[in-house]
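1. Sequence and predicted structure are below.
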Amino acid sequence: MRSLSIFFGFAFFASALPAQSADRYFFYKATKDSATFYILGSMHMGKPDDADYPAKVYEALNASRLFILEGEVRKEKIRTPDLSLTYLPEGKTLRQYLTKSENEKYRKVGETLGVDVALVDRYQPWFVEFMFGYRLAFNAGFVLEYGTEHRLLRYIDRHIEKEKKPRVFTLEGNDEVLRYMHELSLKDQLQRFRAFLVYSERVGTSNVLEMQKYWREGDDANVLKIFHYYDSKDAASAKYTQVLLYDRNARMAERLNLIARYEGTSFVVTGALHLIGPQNILEHLKQAGFKIERL
């Protein structure tokens, strides 16, 4: 997840606009003893003609012995996920949990995307939201192959000498996010999904262009507003946010702290949402004794 933030940041993306000198991104340096992490907040999807990252990103990548991803994105390394973890209880459909007006909004969102909701109706609400977010971005020309992770993997493959290439690791297992979200109550999932339907009806399109602007600027507050669908009370239940973001942040930070036992420089890529807001990865690292610097 990997934004809605699960991808989870789960579907926040770059655009085709050229880079500006004021672009800041979400780029940090974390140091503890003889270990250094360069940490970049990613957009999991992008376009072929997206502006490139600033030189400081590549300088850090060239100096790194490890390239650490939030989750596996290399096709040859990805195992088939256990999609049974995304299903509703036997005999249930998402439409059965929605009101008449909510079902009409649900149908309209699917129609806008070219998706028959009957084809996704067996999935849990959080997963339907993720699929719709992905489809919105895809319809606008955004693909995973030009997201942050794949861009940097291509750079490593093409521009770093074989003996200097960083080893690739991941912070989360193949089905790890699916397992935790599967255990989240339907009440908590539906609260978020209903906010998604209201927001989608209001804006009518993906938030991709709006999000890319704030991502490039490194604007914490506005990125978080979009994640919460501009609901000042938070579009998700407290439990939803805890499982999707806070618990994962704590686990990823703990794993980075273990890696920090070994000296050297590593380059870390996680969804930008994991680096901002309450209980983010950087806060956990700071509590573990890291010095954090925004670059």
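-> The structure has been received and is ready for your questions. Numbers count the residues shown, from 1 in each chain.
2. average pLDDT for the helix or strand hosting residue 252?
-> Assigned by DSSP states H and E, residue 252 belongs to helix 247-259. Mean per-residue pLDDT for helix 247-259: 97.
3. partners of residue 68 in the sheet?
-> Residue 68 has these beta-bridge partners by DSSP bridges: residue 169, residue 268.
4. mind checking how far it is from residue 149?
-> Here residue 68 is placed at a distance of 11 Å from residue 149 (CB to CB, to the nearest Å). All C-beta atoms are positioned from the backbone trio N, CA, C, and that covers glycine.
5. again, but for residue 119
-> 28 Å.
6. now residue 213
-> Applying CB to CB, the value for residue 213 to residue 149 is 21 Å.
7. how close does residue 139 get to residue 133?
-> From residue 139 over to residue 133 (counting by CB to CB), the distance is 11 Å.
8. Neighbour count: those two, which is higher?
-> More neighbours surround residue 133 than the other of residue 139 and residue 133, with 27 against 14 (other CB atoms under 10 Å).
9. For the more buried one, identify the helix or strand it belongs to.
-> When elements are assigned from DSSP H and E, residue 133 belongs to helix 125-139.
10. Neighbours of residue 187, how many?
-> Residue 187 has 11 neighbouring residues, counting by other CB under 10 Å.
11. before we move on, back to that, more neighbours: which of residue 119 and residue 149?
-> More neighbours surround residue 149 than the other of residue 119 and residue 149, with 27 against 10 (other CB under 10 Å).
12. how close does that one sit to residue 134?
-> As judged by CB to CB, residue 149 and residue 134 stand 15 Å apart.
13. now do residue 223
-> Applying CB to CB to residue 223 and residue 134 gives a distance of 18 Å.
14. Pass me the low-pLDDT residue ranges in the stretch 151-295 of the chain, would you?
-> 201-206, 229-237 (pLDDT under 70).
15. Helices along that one, start to end?
-> Using DSSP state H, counting those that start in this stretch, the helices of the stretch 151-295 of the chain run over 176-182, 186-203, 208-217, 220-227, 238-241, 247-259, 281-287.
16. I'd like the ones you listed laid out as JSON lines, including distance to residue 72.
-> Below are the helices of the stretch 151-295 of the chain laid out as JSON lines (distance: least, CB to CB, whole Å):
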{"stretch": "helix 176-182", "distance to residue 72": "11"}
{"stretch": "helix 186-203", "distance to residue 72": "25"}
{"stretch": "helix 208-217", "distance to residue 72": "22"}
{"stretch": "helix 220-227", "distance to residue 72": "23"}
{"stretch": "helix 238-241", "distance to residue 72": "24"}
{"stretch": "helix 247-259", "distance to residue 72": "14"}
{"stretch": "helix 281-287", "distance to residue 72": "18"}
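17. Can you say which of the ones you listed is nearest to residue 105?
-> helix 186-203 (4.3 Å; CB to CB).
18. and the closest one, which residues are buried?
-> 186, 188-200 (16 or more other CB atoms under 10 Å).
19. go on, stretch 110-120?
-> Neighbour-count burial for stretch 110-120 [16+ other CB under 10 Å]: 110, 112-113, 117, 120.
20. Which of those fall in strands?
-> Among the buried residues of stretch 110-120, no member falls in strands (DSSP state E).
21. Determine which two of these are furthest apart.
-> Checking these with CB to CB, the most distant pair is 112 and 120, at 13.8 Å.
22. Leaving out the residues flanking it, which one is nearest to residue 62?
-> Excluding the flanking residues, the one nearest residue 62 by CB to CB, 6 or more residues apart in numbering is residue 160, at 6.4 Å.
23. distance of that neighbour from residue 140?
-> To residue 140, residue 160 is 32 Å away according to CB to CB.
24. With residue 284 instead?
-> 34 Å.
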